[in-house]
Structure formats: structure tokens, C-alpha cells
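Enquirer: Please find the sequence and the predicted model below.
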Amino acid sequence: MRRRKPRPTNYSVRVAPRGGNCTATGCLTDLNAACPIELKVIWDGETVACKSTCQTEPCSSSQFFKTACSDARVYTHDNHGFFPCSSSHYTVTFCPTSKR
């Protein structure tokens, strides 16, 4: 029985509130391309994901993700990635070319 290829889990994304006087945020970095070798998930010679070793607290891999995506929530209790916003409508764009 052949194993199924894992689904990629690291997409660049932008979340843009509509109204509410809020700022768009996201991560434009290609995490799979920039991923340190020890965090890469490789399938048939291709990097398909970049895994964090963090669970609930910061750890050694959190620095890579914070540097690559400073606005992102990297581990469970990482509250830096929260942005208060009064908007109830958002546009989510996968693989954006800019944060605007």
C-alpha cells in the first residue's frame, strides 16, 4: 500500500478586514523554501511542509517562524499574533503578492 502525499500546511496568506478601521495582516514568506533542514517535511524529494517543534511555549523553532512571519501566531499561547478589530467581515487571500 502506497502512502498518500501529505497536504502542504504552510501557505502564504493575507487577512484583510473590511471596515472596522483595521489593518491587513499576513505572511508572504514561502516557508517551505526558507525552512531549516531539521524542520522540513520531505516527500519524494520535495519539501511539502515546514513543521514547528513548539506546542504551547516558545521553543528553538519559533525563532525561524517569527523572523519569517512576524505577525503570525507561532505556538498556542503566543498572543502576539492577535489583532483586535471591530470588523465582522474579512477577505482571506491565499498566496498573495502583498499585504495590502
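Expert: Perfect, I can see it now. If you're wondering where the values come from, they're calculated on a predicted model, not measured in any experiment.
Enquirer: Can you list the strands that the lowest-mean-pLDDT helix or strand in the chain pairs with?
Expert: Ranked by mean pLDDT, DSSP states H and E, the weakest helix or strand in the chain is strand 25-27, scoring a mean of 86. Applying DSSP bridges to the sheet, strand 25-27 is found paired with strand 13-17 (antiparallel).
Enquirer: how far out from the middle of the chain is the partner strand?
Expert: Offset of strand 13-17 from its chain centre (CA atoms, centre = their mean, to the nearest Å): 12 Å.
Enquirer: the strands in the protein, which residues?
Expert: For the chain, the strands defined by DSSP state E cover 13-17, 25-27, 40-43, 46-50, 90-94.
Enquirer: could you dump the ones you listed to a markdown table with mean neighbour count?
Expert: Bear in mind the C-beta positions are built from the backbone N, C-alpha and C, glycine included. A markdown table is the format used below for the strands of the chain (neighbours: other CB atoms under 10 Å):
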| stretch | mean neighbour count |
| --- | --- |
| strand 13-17 | 18 |
| strand 25-27 | 20 |
| strand 40-43 | 14 |
| strand 46-50 | 17 |
| strand 90-94 | 12 |
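Enquirer: any chance of these in JSON lines, plus distance to D78?
Expert: Output for the strands of the chain, formatted as JSON lines (distance: least, CB to CB, whole Å):
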{"stretch": "strand 13-17", "distance to D78": "16"}
{"stretch": "strand 25-27", "distance to D78": "13"}
{"stretch": "strand 40-43", "distance to D78": "21"}
{"stretch": "strand 46-50", "distance to D78": "17"}
{"stretch": "strand 90-94", "distance to D78": "20"}
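Enquirer: Ok, which of those strands comes nearest Q63?
Expert: Across the strands of the chain, the minimum distance to Q63, taken as CB to CB, is reached by strand 46-50, at 13.1 Å.
Enquirer: name the helices or strands packed onto the closest one?
Expert: Identification of packing neighbours for strand 46-50 by 3 or more CB pairs under 8 Å, 6 or more residues apart in numbering; DSSP states H and E yields helix 31-34, strand 40-43.
Enquirer: Can I get that strand in CSV? Just the C-alpha atoms.
Expert: Taking Å, rounded to 0.1, in the frame of the first residue of the first chain, the C-alpha atoms of strand 46-50 are listed here in CSV:
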residue,chain,number,x,y,z
GLU,A,46,10.2,17.7,-2.4
THR,A,47,9.6,19.9,0.7
VAL,A,48,5.9,19.8,1.4
ALA,A,49,5.8,21.5,4.8
CYS,A,50,7.8,23.2,7.5
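Enquirer: Nothing else from me, thank you.
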